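**Q** Provide a 3D model corresponding to the input given below.
(chains A and B)
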Amino acid sequence: MSQPTRPHQLYSRRASMALGAFALTALVGAFAAPMATAHDDADKYLFVPNRGSGDIAVIDTTRDKVIATVPVGQVPHQVAVSMATRRIVASNTADNTITIIDLDTWKPVATLALGVEPEHMQINPDGTLLAVGNIGAGTVSLVSLATARELTRVEGLIAPHNLTFSRDGGRLFVANLGADHVSVVDTALGRVVDEVTVSEPTALAAKGRGTDAEYQGIINVTPTPDGRLGFAAHGEGNTLAVIDLEAGKKIKDVTLGELPWRAYGTADGRLMIVPNNGDRTVSIIETESQTVIATLPGAADMTGVNTDNDSTTAFVISRGEDKAIVIDLTALSVVGEIALPGTPETGVITPDGKKLYVALSAANEVAVIDVATRRVVRSIDGVGQGPWGATMANARNYCH
Amino acid sequence: MAHVVKSKGLLLGAGFALALGSGVTGPAAADSVDRLIAQAETYMGQIDVAELRQACGGKVRCAAERIAASLGDAARLEPTAQPTTDTIRWVETTASLGAVKDLPNQHRLIELKRFGRKVEPDLRRALELGGAAVVLDLRGNAGGDFGRMLRVASLLIGPRAGAVTLTHRNRQEHLDLPRVPSETRPRRISVLVGPGTASSAEVLAALLRRHAGAEILGTRTAGKDYLLRVIPVDQTMRLLIPAERIEVPGETLAGGLRPDGPVSPGLLAALSP
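**A** Numbering: from 1, shown residues only, chains lettered A, B, ... in the order given. Below you'll find the model as predicted:
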């Protein structure tokens, strides 16, 4: 493994700005004039990591056909897309690497050895810096997508799960699945500079170890579109912490149902939707008042929520009951279900808001749902073994 | 023994020492040691931060070791069980229920082994499957998540105000059984207990006797009547601090819950596989 370089040597805010300017130039160039690349319209492609076959399926969403399969490492968990650097990245959980792929040729350009079990990734707002949570090591790798090098490895996390950049990219909020706090990383310094406690410690009354292997702390910090507030559900605490992301302070606790998963925001920023897997309900939280305005029936093992571009409909994915629950966000009621046989994992709605793609891990297929009619219109086969997620450029992506 | 606690004080009862202090927590955590201290002080009183810092600097593991040592045997610093990728995403879950089967006379046996994350829907389903009377087998249940146990109790009893009292180092807190949807509450409950029934499981048995008229059968339980607060230290270790004494008004948990009688030979025979 190559040793990470000291952060202050390679990545400063000034360097970030320079890279950002470069990326912006590249981005403007990409849209201002036709480029001699194969995949200029990259946001029409759907990328699906296949845990079983160790590859990424590329699906053309205008035809709903698999048009390429890119081999990566073992047990890829997530795909991240940077239009600025024209890279897609796969996190290969089982072999502790990431694969960086050229968006124009779909050829791997680099494989980087990171920490133990790299799972979740987030790209900073200017598209140049990739953060990777090494959940098995308690570290986060910061990777330059321009140079395909690991800049530094941040220590001091506890089972880092999802990652959230501040709007200026200067800070990274790390959801610690194994703890009660969110860690704040200064991306220029490359280290944890603050910890925001979101829940009191779990009450355990046990002679033995209790249930710690299934301990669920914080899955994600979900920001409002303006980046001002972050919503962090704590699984064991049954609460949703509202965090002032600028100040790095918790400002409120909202009581949820049993074992909340994470918050998913609507496009307009008005609502947060939180599935509670312990009591199988769904909490709807109004972000302005920071209160629960509805608690609706859910289902088993809900690990994904997609909302449409109008912020009027939510699709809550239940991998335990092979379906998506459809919620009318105006009426605040469950209005239907969509059967998704084959263990639905996560999904993504196309940037134009018309279709929802859901990976079906047990069926080796991707379901295509028409958002307007709320019906499955087709299934895409030949995807690969164990499709685990769905990612598109310029879409509201998430990972479970 | 490390001198971490600034002022030692009143014991909540036999078995472990908790320190009295100001209870004032410091400013927002700036590093992991600050966070650990702030969380620990909530339950054990003021910590001599200067001494801890002098001994450990910014090393959180060192700080956790010294805090644990100052609390005696009831505190634990132990390795954290690492979740697997499938555990996190609910692909795999350790079962909370063991044997579920029908016994003679419309009795339904439900073996509740632990308070896992699916215990509520699993128990609800087992109750809905039938049986006017339930035999709840807690003999192998060593306890677990306290909040989840309260929800299980409510599933069988219904909501109750002030059903449990927690005695902190300087105050008392009365906990309610929460309102939990339940279509099928058994008319009669028998609870099987023994020395393997501990902590949350003992509290559940006591709640069922007190509020649902359950009959407790078997032998005396383990007698672990205090809550541990789980404070993650780092990626691989967690600190468990004895924090609150548990009481069920009208029942005696200290020294173990005393059963109403032995398990009858007939029931024992019916229980055997």
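
**Q** what strands line up against the longest strand anywhere in chain B, and which way round?
**A** Using DSSP state E, we find that the single longest strand of chain B is strand B:237-247. Taking DSSP bridges as the criterion, strand B:237-247 forms sheet pairs with strand B:76-79 (antiparallel), strand B:160-167 (antiparallel), strand B:226-232 (antiparallel).

**Q** for it, the distance to its chain's centre please.
**A** Computed by C-alpha atoms, centre = their mean, to the nearest Å, the chain-centroid distance of strand B:237-247 equals 9 Å.

**Q** ok, the closest residue to B:Leu97 other than its chain neighbours - contacts?
**A** Nearest non-adjacent residue to B:Leu97, counting by C-beta to C-beta, 6 or more residues apart in numbering or on different chains: B:Asp122, 5.2 Å away. C-betas here are computed from N, CA, C, even on glycine. For B:Asp122, the contacting residues are B:Ala95, B:Ser96, B:Leu97, by C-beta atoms under 8 Å, 6 or more residues apart in numbering or on different chains.

**Q** highest neighbour count among the residues you listed?
**A** The most crowded member of the contacts of B:Asp122, judged by other C-beta atoms under 10 Å in any protein chain shown, is B:Ser96 (24 neighbours).

**Q** the helices in chain A, which residues?
**A** Assigned by DSSP state H, the helices in chain A fall at A:7-10, A:13-32.

**Q** actually the stretch 101-250 of chain B, not the one I wrote
**A** With DSSP state H, counting those that start in this stretch as the criterion, the stretch 101-250 of chain B has helices at B:119-128, B:146-157, B:200-212.

**Q** pLDDT score assigned to the residue in the stretch 101-250 of chain B that chain A sits nearest to?
**A** Closest contact between the stretch 101-250 of chain B and chain A, by C-beta to the nearest C-beta, is at B:Gln235 (2.9 Å). Here, the pLDDT recorded for B:Gln235 equals 96.

**Q** show me the residues around it that make contact.
**A** For B:Gln235, the contact set (C-beta under 8 Å, 6+ apart) comprises A:Ala137, A:Gly138, A:Leu157, A:Ile158, A:Ala159, A:Gly178, B:Thr80.

**Q** who wins for most neighbours among the residues you listed?
**A** Counting neighbours by other C-beta under 10 Å, A:Leu157 comes out on top of the contacts of B:Gln235 with 30 neighbours.

**Q** my guess is it contacts A:Ser183. True?
**A** Yes - using C-beta atoms under 8 Å, A:Leu157 is in contact with A:Ser183, at 5.5 Å.

**Q** find residues that contact each of these two.
**A** With C-beta under 8 Å, 6+ apart, A:Leu157 and A:Ser183 have common neighbours A:Val174, A:Asn176, A:Val192.

**Q** wait, the second one sits on A:Leu163?
**A** Meaning A:Asn176. No - A:Asn176 lies out of contact with A:Leu163 (C-beta under 8 Å); the separation is 10.9 Å.

**Q** picking up where we left off before, Throw the contacts of B:Gln235 into JSON lines and include pLDDT and distance to B:His168, thanks.
**A** Output for those, formatted as JSON lines (pLDDT from 0 to 100; distance: C-beta to C-beta, whole Å):
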{"residue": "A:Ala137", "pLDDT": "97", "distance to B:His168": "36"}
{"residue": "A:Gly138", "pLDDT": "97", "distance to B:His168": "31"}
{"residue": "A:Leu157", "pLDDT": "97", "distance to B:His168": "30"}
{"residue": "A:Ile158", "pLDDT": "97", "distance to B:His168": "26"}
{"residue": "A:Ala159", "pLDDT": "97", "distance to B:His168": "29"}
{"residue": "A:Gly178", "pLDDT": "96", "distance to B:His168": "26"}
{"residue": "B:Thr80", "pLDDT": "93", "distance to B:His168": "25"}
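
**Q** can you redo those residues as a markdown table with distance to B:Pro273?
**A** Putting the contacts of B:Gln235 into a markdown table (distance: C-beta to C-beta, whole Å) gives the following:
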| residue | distance to B:Pro273 |
| --- | --- |
| A:Ala137 | 44 |
| A:Gly138 | 43 |
| A:Leu157 | 46 |
| A:Ile158 | 42 |
| A:Ala159 | 38 |
| A:Gly178 | 38 |
| B:Thr80 | 35 |
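
**Q** closest one to A:Asp64 out of the residues you listed, please.
**A** Nearest to A:Asp64 among the contacts of B:Gln235, counting by C-beta to C-beta, is A:Ala159 at 36.5 Å.

**Q** so what's A:Thr291 up against?
**A** Contact analysis of A:Thr291 by C-beta under 8 Å, 6+ apart lists A:Val254, A:Ile285.

**Q** now swap in A:Asn134 and tell me
**A** Applying C-beta under 8 Å, 6+ apart, the residues near A:Asn134 are A:Asn96, A:Leu114, A:Gly115, A:Val116, A:Glu117, A:Pro118, A:Glu119, A:Val140, A:Ser141, A:Arg153, A:Pro160.

**Q** run the last query once more with 6 Å
**A** Going by C-beta atoms under 6 Å, 6 or more residues apart in numbering or on different chains, A:Asn134 touches A:Leu114, A:Gly115, A:Val116, A:Pro118.

**Q** what is the neighbour count of the residue nearest to it when sequence neighbours are not counted?
**A** Beyond its immediate neighbours in the sequence, the residue positioned closest to A:Asn134 (C-beta to C-beta, 6+ apart) is A:Gly115, lying 2.8 Å away. Counted with other C-beta under 10 Å, the neighbours of A:Gly115 add up to 24.

**Q** A:Thr139 is in contact with A:Gly115, correct?
**A** Yes - if you go by C-beta atoms under 6 Å, A:Gly115 and A:Thr139 touch, sitting 4.5 Å apart.

**Q** how near is the residue nearest to B:Leu97 to A:Glu258?
**A** Going from B:Asp122 to A:Glu258 by C-beta to C-beta, to the nearest Å gives 13 Å.

**Q** put the alpha carbons of stretch A:391-400 into CSV.
**A** The C-alpha atoms that make up stretch A:391-400 are tabulated as CSV, following Å, rounded to 0.1, in the frame of the first residue of the first chain:
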residue,chain,number,x,y,z
THR,A,391,-26.2,5.9,-8.9
MET,A,392,-26.5,8.6,-11.6
ALA,A,393,-24.7,11.8,-12.2
ASN,A,394,-26.6,14.9,-11.3
ALA,A,395,-29.2,12.9,-9.3
ARG,A,396,-30.0,12.8,-5.6
ASN,A,397,-28.0,9.6,-4.8
TYR,A,398,-27.7,7.8,-1.5
CYS,A,399,-26.4,4.5,-0.3
HIS,A,400,-27.4,2.1,2.4
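
**Q** how about it: buried residues?
**A** Under the neighbour-count criterion of 16 or more other C-beta atoms under 10 Å in any protein chain shown, stretch A:391-400 has A:Thr391, A:Met392, A:Ala393, A:Ala395, A:Asn397, A:Tyr398, A:Cys399, A:His400 buried.

**Q** contacting residues for the fifth one?
**A** Translated: A:Asn397. Shown in contact with A:Asn397 (C-beta under 6 Å, 6+ apart): A:Val348, A:Thr391.

**Q** state the phi and psi torsions of it.
**A** Backbone torsions for A:Asn397, taken as degrees, to the nearest 10, come to phi -90, psi 160.

**Q** low pLDDT regions in the stretch 1-150 of chain A?
**A** Across the stretch 1-150 of chain A, the ranges flagged by pLDDT under 70 are A:1-40.

**Q** also the stretch 1-150 of chain B?
**A** B:1-30, B:130-131.

**Q** switch the cut-off to 50
**A** The model of the stretch 1-150 of chain B has pLDDT under 50 over residues B:1-2, B:7-29.
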